[in-house]
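1. my questions are about this predicted structure, shown below with the sequence.
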Amino acid sequence: MNAYSRYFFKKLFWYLMTLVIAIALNFFLPRMIEGNPVSLIVSQMSKGMTDSDTIKRVYETFMKEFGIDKPMWEQFVIYIKNLFIGDLGTSFGLYPKKVTDILTSAIPWTIGLQLPAILVGWILGNLLGAVAAYKKGVFDKVIFPVALFINSIPFFTLAIIMLYLFALTLGWFPLSGGYDFQMVPRLSLDFIGSVIRHHTLPFLSIVLVTIGGQAIGMREMSIYELNADYVLYAKLLGIRDSKISRYVFRNAMLPQITGLALSIGTMVGGSLICEIVFSYPGLGTWMFTAIRQLDYPLISGCTLLIAVTVLLANFTIDMIYGLIDPRIKAAQMEEE
Amino acid sequence: MKNSFVILLKSPKFMIGAILFLLMLALVLIYPQINRKDPLEMIALAFQPPDANLWLGSDNFGRDLFLELMYGIQTSIRVGLIAGVFATVIGLIIGLASGYIGGIVDNILTAITNIFIVIPSFVILILISVSINSRSSLVTAIIIGITSWPWTARAVRAQTTSLRGRDHVHIAKISGHSTPKIIVFEILPYIASYVVMAFVLQTASGILSEASISMLGLGPYNTISLGIIMNWALVFEAPVAGAWWAFIPAALSIALITFSLYMMNTGMDEIFNPKIRS
Amino acid sequence: MSANILEVSGLKTYYKTRLKEKVFAVDGVDFDLEEGKTLGIAGESGCGKSTLALSLMGFYFPPLHYGSGSIRIHGNDIMKLSKEQLRSKVSGREIAYIPQAAMNALNPTLRIIRFIEDIMKEHRPELSKKQVWELASERFKTLNLPEKVLRSYPNELSGGMKQRTVIAISTILNPKVLIADEPTSALDVTSQKAVIKLLKDLLNKKYIRSLVFITHELPLLYHVTDDIMVMYAGEIVERGTAEQMIFDPVHPYTKKLMGSILVPEEGMKGQKLAAIPGAPPNLKQVPPGCRFAERCSYARDECKVGKVPVQTNGGNMYRCHFDTDTLKEWYANEQS
């Protein structure tokens, strides 16, 4: 087995462990509190219904799904079994819709919004951070505080301000939703245009905040690299500054990839709340609705999906990083 | 330590941050002493624009937003500070134990830390908050604190591990000092500046976390925080009503508080971390 | 009679602290170096020897600044050149540098050959990649370095190999003067020997014409260098032939410095290891008069005021109030 596959399997093992723990937390945390919310909510739900047959049906569905009368570990086994067949239960709020179906409809919107936004924000932020570190002087004195200030604004705050400014006051962009509500989703220019118009504001607000955080990180990394011994040595061998700044950029950029992995959880969380502001038809908005209706299966489905996605993103980034950074390669060798 | 404090006073970034923070703190502590009205009292019509009487207008319930904002900032800062204390203390204990004891303890604690760094903390935050029926601001603060320690733990562990091999620690060990004594006198002083910086950052992120989960409707009950003001504005569609005063001041307040804390942190970083010095 | 290859006169360089104070780490240094000769510079840590090494390169990076004085290579003052002229004509070609921490002197994400290519692009742009490879592998072979090093990343090399690689890279353009700042201090004995042999090879094969070797290990200088200078608090306190400096030093500081080390040489056996009491003066507030007076057991009141004369002892110079005969007499009295 070569060094990279060892690295791969080691990482894989840890991520699987983490996944197991994430699933367990997702199951046990809400159930550890006294007055199991699941049984509480089922009883609350059934109170509001007058038709005794419906009550019975609803109650039985949830009893079966959660196995509330059974001991905790047995409930956990049922939960895992259902997970394996892709069954996350039935929504309380949108009964009898399955949670899996709701999530499936939401995922494309969330990914379509967040993936490009985070990537664009990450790239632009890193470029700005590197420039600020390299040019120093006035440039740094302007970019740095601005980035710091933007970074202090929570995702949704910027979203609300943009919503108010560009959608409400200036009327440049639509107020809410993923597309014009009178439209039927289909592959037409009109529809795609509508999607893009609705996409712009949430996209920009995520990009802006991501730029702030990444620029700060990159600036610090670059300053650290600029002070590294190899920079001085290369300068004293007569290598021109533009070349040296390329060394620095590359070396500062590589740790930023891990930085992306580590901050992706926070970013996804922030972006989800950003969706709420724009009533964007993604996961965040569903989670907001679910929380207001105490739709427990849907909340739990959302949190699990988010955790799994973030784990997956982290794992992917770790794998790419292991391939491209020779420093990691050397570390892999040493472990042999 | 006294010397580093004097140097800090010469860092413009730290001073800007500290002065901004203290001014805000003074305002929100003093104003409610002058205007002793109940912030939840409905005294006007819904979404009245700002005027000489209502400095920041009224919200959807016709309440004085300026007064609400004062209480909101108070709660947010308090939640942030308590969350910061919890996160820093837990992170410090785990990091010190992991770094100083080493061996199997280190392996286990590092594994746990790494796992909780990858699992998004807001997921855990939501799961716990959803399950607790009556959340006071203290409970919210503690929940935030116990979900955000892994960063501190990781960094403290790294520093402790490198300190453990230093001569002065060896000498203390050979001289027969007890482990707690070595940690307090030979390790803590060397990471003190780092711990203070981590605390400042944790406080800032605690304020942001509170705002985020309050926005989701999972914030503390029976209180006003900046996130809750924003949640009200959103639920009662203040943006659509054109009532910018219902959310922009709260939004800017969050940004200003966290900005001042970040500035303090950056100032300290430049002083204490010579690598960043340029 | 061979000409001077390097002439330094009145060189003053300083560090600017955060509080804008100037700290002169090199405070009026004069010396010259003949072609084909090796000069050692010794002193306690913090005496300014590493700063002197860096200052000789003519490039100053904050917080280090140039104060005054000249550095002439074959009579041309490199301090009169523009930064660009210095970079393209002098650095690496006329004068080259081996940094103190060679461990970190190489860009960790660049293969050795890529770095050599970058150097050649600056100084020998007419060479093709293939020619650069031939030249580099030829040079490495002559210096007994394995060719496969060229294809490696720095982290894949051992400490000793990394140090030798840095030396080979620094001298690839056949610079006239090589400044080696503590090239052996972080290495084990075997690697130290290899490095010394490499430096001697470079001189013998005339890849370099002269060497300035900086170290705190005096016995090493005896084996490597023709002349030795001792630095104290930013000044040269004594200069002489290696023989004379080791076995018959005149200046009380050199005397103490020699006494503070164990030299496994004939006639040095039985010498006691004696640390020099006290610490060098704070360079922020240099005392008037002799800078060593505080710690000197022979110091009189007159040492602490007035300018310290530079005296000669044969072809050697030293900086002290007392003449050679007086000092020698004191030393003799002390031993009996």
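-> Structure's in. What do you need?

2. tally of neighbours for the closest residue to chain C within the stretch 1-150 of chain A?
-> In the stretch 1-150 of chain A, the residue found nearest to chain C is A:Lys136; the distance is 10.2 Å by C-beta to the nearest C-beta. Backbone N, C-alpha and C define where each C-beta goes, glycine included. Other residues near A:Lys136 come to 13 when the count uses other C-beta atoms under 10 Å in any protein chain shown.

3. avg pLDDT for stretch A:17-30?
-> For stretch A:17-30, mean pLDDT rounds to 85.

4. please disregard the earlier target; I meant stretch A:127-142.
-> Mean pLDDT, stretch A:127-142: 80.

5. using PDB, write out every CA atom in that stretch.
-> Backbone C-alpha positions of stretch A:127-142 (Å, rounded to 0.1, in the frame of the first residue of the first chain) are rendered in PDB as follows:
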ATOM      1  CA  LEU A 127      -6.900  36.900  -4.100                       C
ATOM      2  CA  LEU A 128      -7.800  40.100  -2.100                       C
ATOM      3  CA  GLY A 129      -6.100  38.800   1.000                       C
ATOM      4  CA  ALA A 130      -2.900  38.000  -0.800                       C
ATOM      5  CA  VAL A 131      -2.900  41.400  -2.500                       C
ATOM      6  CA  ALA A 132      -3.500  43.100   0.900                       C
ATOM      7  CA  ALA A 133      -0.600  41.200   2.400                       C
ATOM      8  CA  TYR A 134       1.700  41.800  -0.500                       C
ATOM      9  CA  LYS A 135       1.000  45.400  -1.400                       C
ATOM     10  CA  LYS A 136       0.800  46.400   2.300                       C
ATOM     11  CA  GLY A 137       0.500  50.200   2.800                       C
ATOM     12  CA  VAL A 138      -2.700  52.000   1.800                       C
ATOM     13  CA  PHE A 139      -4.100  48.900   0.000                       C
ATOM     14  CA  ASP A 140      -3.800  46.800   3.100                       C
ATOM     15  CA  LYS A 141      -5.100  49.600   5.300                       C
ATOM     16  CA  VAL A 142      -8.300  49.800   3.200                       C
END
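
6. what sits up against it?
-> Contact with stretch A:127-142 is made by A:143-144, A:147, A:211, A:214-223, A:226, A:245, A:248-249, A:252-253, B:278, as judged by C-beta atoms under 8 Å, 6 or more residues apart in numbering or on different chains.

7. filter these down to the ones in strands?
-> Among the contacts of stretch A:127-142, DSSP state E puts none in strands.

8. which intervals of the chain have sub-threshold pLDDT?
-> With no chain named, the answer covers chain A. A:1, A:32-59, A:61-69, A:95, A:180-187, A:326-336 (pLDDT under 70).

9. wrong chain, I was asking about chain C
-> For chain C, the stretches with pLDDT under 70 are C:1-2, C:18, C:260-275, C:335-336.

10. tell me the residues of it that contact chain A?
-> Within reach of chain A by C-beta under 8 Å from any C-beta of the partner chain, chain C has these residues: C:57, C:59, C:61, C:87-88, C:90-93, C:96-97, C:99, C:101, C:104-110, C:115, C:118-119, C:121-123, C:153, C:155-156, C:166, C:169-170.

11. ChimeraX command to pick out the buried ones of those residues?
-> Filtering those down to the buried ones (16 or more other C-beta atoms under 10 Å in any protein chain shown) takes a single ChimeraX command:
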select /C:57,59,87,88,90,91,92,93,96,97,99,101,104,105,106,107,108,109,110,115,118,119,122,123,153,155,156,166,169,170
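
12. so which of the residues of chain C next to chain A belong to helices?
-> The helices, defined by DSSP state H, take in C:115, C:118-119, C:121-123, C:166, C:169-170 from the residues of chain C next to chain A.

13. thanks a lot, catch you later.
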